[in-house]
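>>> Test case, fold it:
(chains A and B)
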Amino acid sequence: MYEAEATADLLLMSKPLSAPMSKEQPVEAILVRAVLAGERDRFARLYEMYSPMVHGILLARVPHEEVEDLVQDIFLHALRKLHTLRDAAAFGPWVAMIARNRAMDFYRGSHATVEITEQMAVEKPVSRSAREILDLIRSLPEAYRETLVLRFVEGMTGPEIASRTGLTPASVRVNLHRGVKLLRERIGVVARP
Amino acid sequence: MYDDNYLWDRSGKVDLELKQLEEILGTLRYQPRPLEIPASIRPGRRWNFSPALAIAATIALVALALGILLGLNRRQIRLPDEVRQSLPAEKQRDTSPKLSASPEGPKQIVAAKSTLQIKSRHREINRNLVARNPVAAGNTTQPELNAAEQAEKEQLMLALRLVSVKLNFAQRKAQGAPLNTIRNQHPMG
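Numbering: from 1, shown residues only, chains lettered A, B, ... in the order given. Got it, this is the predicted structure:
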């Protein structure tokens, strides 16, 4: 089980909630309702659960040094707008969409962008640093970037990525498979047949 | 066939290349940091509109609109002042067209009723919006004139025509149009 979620579950069990507990209800839904009912500290648990996902989504799009602050901004924005979330159980896909939109806004400003070229991609075939590989992932088509970062940087499994982002497991599996194939080609490792 | 189970959920045979990627990229992993929520930030208020509440509100609005409409209609069919004054005090208070067996003023009540009927008929048909046939309306009968009056009338008409011609002449001169043009005729051929 994902670490942050396990922590959140433990915290949930340690303190009674004002909302009725139900086994069928996802943890997120209970937490969202509690926050809306006035228990603002419950939002910290949602933050613990979803900050790695938001971090990964941003890392696939914006420079590494900007990501930390953006994660905080996105969660503060989510807290302000939490009342607009219709389905409390869909907190994950909702906050993921906020993160994607914020990443787009980041480039709408005057921030300079560095284009990854094919030449840069083939300069060093093996033994690359994390930043270099991340840049290569960013050079992949958008559909694969986010899934690969969540899988390899944040350490989430395919099913976890699907449940957190709201994507279907089949889409995640395809994105992982094709993304890794492309990444291998870019890194210089011969792709498997 | 390529087994992507390790890629999917880390089950199955370990893919060494993928494991190496995990180790390298894992250094960029999110480092948990507490969320600092300013005291001023609070979740907005959620407005829970249930469908039943929305329906009730709609019905209430429709009822209110109908009430206002009926109230306006009642005001419009009030009796005219002269009829009201002729009615006894009790009738003056009640302006609704009720018929009662009042021995004091049956004639006035009948008059009020007929006036009300005429009034309501006028209200039903807006005469200003209906095309009128002057022949059918019977307004074509003009008073007969004697010889002197007829002569005065003709003189007046002639004077009006002269004034009209002079005004037209002045207007064309002011506009710079040639004075001998024949107007209101289309070119031939």
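>>> Write out the residues of chain B neighbouring chain A.
Applying Cβ under 8 Å from any Cβ of the partner chain, we find that chain B lies next to chain A at B:2, B:4, B:7-10, B:17-18, B:21-22, B:24-30, B:32-38, B:41-46. Using the backbone N, CA and C atoms, a C-beta is placed for each residue, glycine as well.
>>> let's see 6 Å
B:2, B:4, B:7-9, B:21-22, B:24-25, B:27-30, B:35, B:41, B:43-44, B:46 (Cβ under 6 Å from any Cβ of the partner chain).
>>> Kindly give a single PyMOL line that selects the buried subset of those.
Per 16 or more other Cβ atoms under 10 Å in any protein chain shown, the buried members of the residues of chain B next to chain A correspond to this PyMOL selection:
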select buried, chain B and resi 4+7+8+21+22+24+25+28+29+30+35+43
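>>> what's the burial count for B:Ala174?
Residues lying near B:Ala174 (other Cβ atoms under 10 Å in any protein chain shown) number 8.
>>> What is the helix or strand containing A:Ala170 packed up against?
Using DSSP states H and E, A:Ala170 maps to helix A:169-187. Counting contacts by 3 or more Cβ pairs under 6 Å, 6 or more residues apart in numbering or on different chains; DSSP states H and E, helix A:169-187 packs against helix A:142-148, helix A:158-165.
>>> buried stuff in it?
Buried residues in helix A:169-187, counted by 16+ other Cβ under 10 Å: A:172-173, A:175-180, A:182-184, A:186-187.
>>> Would you reformat these as CSV and include pLDDT?
Formatted as CSV, the buried residues of helix A:169-187 follow (pLDDT from 0 to 100):
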residue, pLDDT
A:Val172, 95
A:Arg173, 94
A:Asn175, 94
A:Leu176, 94
A:His177, 94
A:Arg178, 94
A:Gly179, 94
A:Val180, 93
A:Leu182, 93
A:Leu183, 92
A:Arg184, 90
A:Arg186, 87
A:Ile187, 84
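>>> out of those, who's nearest A:Pro93?
A:Val172 (12.9 Å; Cβ to Cβ).
>>> Quick check: the closest one vs A:Thr165, distance?
According to Cβ to Cβ, to the nearest Å, A:Val172 stands 8 Å off from A:Thr165.
>>> Kindly report the same for A:Ser129.
Distance of A:Ser129 to A:Thr165, given as Cβ to Cβ: 27 Å.
>>> Kindly report the residues of chain A close to chain B.
Within reach of chain B by Cβ under 6 Å from any Cβ, chain A has these residues: A:35-36, A:44, A:47, A:52, A:55, A:75-76, A:79-80, A:82-83, A:130, A:133, A:152-154, A:157-158, A:173, A:176-177, A:192.
>>> What about the residues you listed, which are in strands?
Among the residues of chain A next to chain B, DSSP state E puts none in strands.
>>> Type out the ChimeraX command that picks the buried ones from those.
A single ChimeraX command is used to select the members of the residues of chain A next to chain B judged buried by 16+ other Cβ under 10 Å:
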select /A:35,36,44,47,52,55,75,76,79,82,83,130,133,152,153,154,157,158,173,176,177
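>>> Take the residues of chain A next to chain B and keep only those in helices.
Judged by DSSP state H, the subset of these located in helices is A:35-36, A:44, A:47, A:52, A:55, A:75-76, A:79-80, A:130, A:133, A:158, A:173, A:176-177.
>>> Tell me which residue is most central in chain A.
In chain A, the residue lying closest to the centroid (Cα atoms, centre = their mean) is A:Met53, at 2.5 Å.
>>> Quick one: low-confidence residue ranges for chain A.
Counting by pLDDT under 70, chain A has low-confidence residues at A:1-23, A:109-128, A:189-193.
>>> ok, now chain B?
Applying pLDDT under 70 to chain B flags residues B:1-3, B:45-49, B:76-142, B:177-189.
>>> the helices in it, which residues?
B:5-9, B:16-25, B:51-76, B:81-86, B:89-93, B:106-124, B:134-137, B:147-175.
>>> tell me what the last one is packed against?
Taking 3+ Cβ pairs under 6 Å, 6+ apart as contact, there are no helices or strands that helix B:147-175 lies on.
>>> what's the helix or strand for A:Phe140?
Residue A:140: Leu, not Phe. Following DSSP H and E, there is no helix or strand that holds A:Leu140.
>>> returning to that earlier point: so which two of the ones in helices among the residues of chain A next to chain B are the farthest from each other?
The span of these, defined through Cβ to Cβ, is set by A:Leu36 and A:Ile133 at 40.6 Å.
>>> how many other residues sit next to A:Gln25?
A:Gln25: 14 neighbours (other Cβ under 10 Å).
>>> Need the three-state assignment for it.
coil (DSSP: H, G, I helix; E, B strand; the rest coil).
>>> For the closest residue to it other than its chain neighbours, the count of nearby residues, please.
Once flanking residues are discounted, A:Gln25 sits nearest to A:Ala89: 7.3 Å by Cβ to Cβ, 6 or more residues apart in numbering or on different chains. Neighbour count for A:Ala89, taken as other Cβ under 10 Å: 15.
>>> isn't A:Ala89 right next to A:Ile30, touching?
No: applying Cβ atoms under 6 Å as the test, A:Ala89 and A:Ile30 come out as separate, 9.3 Å apart.
>>> mind giving me the domain ranges of chain A?
Chain A is divided into the following domains under automatic domain parsing: A:3-108, A:118-187.
>>> Just the buried residues of stretch A:91-106, please?
So stretch A:91-106, judged by 16+ other Cβ under 10 Å, has buried residues A:Phe91, A:Gly92, A:Trp94, A:Val95, A:Ala96, A:Ile98, A:Ala99, A:Arg100, A:Arg102, A:Ala103, A:Phe106.
>>> mind putting the residues you listed in a markdown table, secondary structure included?
Below are those laid out as a markdown table (three-state DSSP):
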| residue | secondary structure |
| --- | --- |
| A:Phe91 | helix |
| A:Gly92 | helix |
| A:Trp94 | helix |
| A:Val95 | helix |
| A:Ala96 | helix |
| A:Ile98 | helix |
| A:Ala99 | helix |
| A:Arg100 | helix |
| A:Arg102 | helix |
| A:Ala103 | helix |
| A:Phe106 | helix |
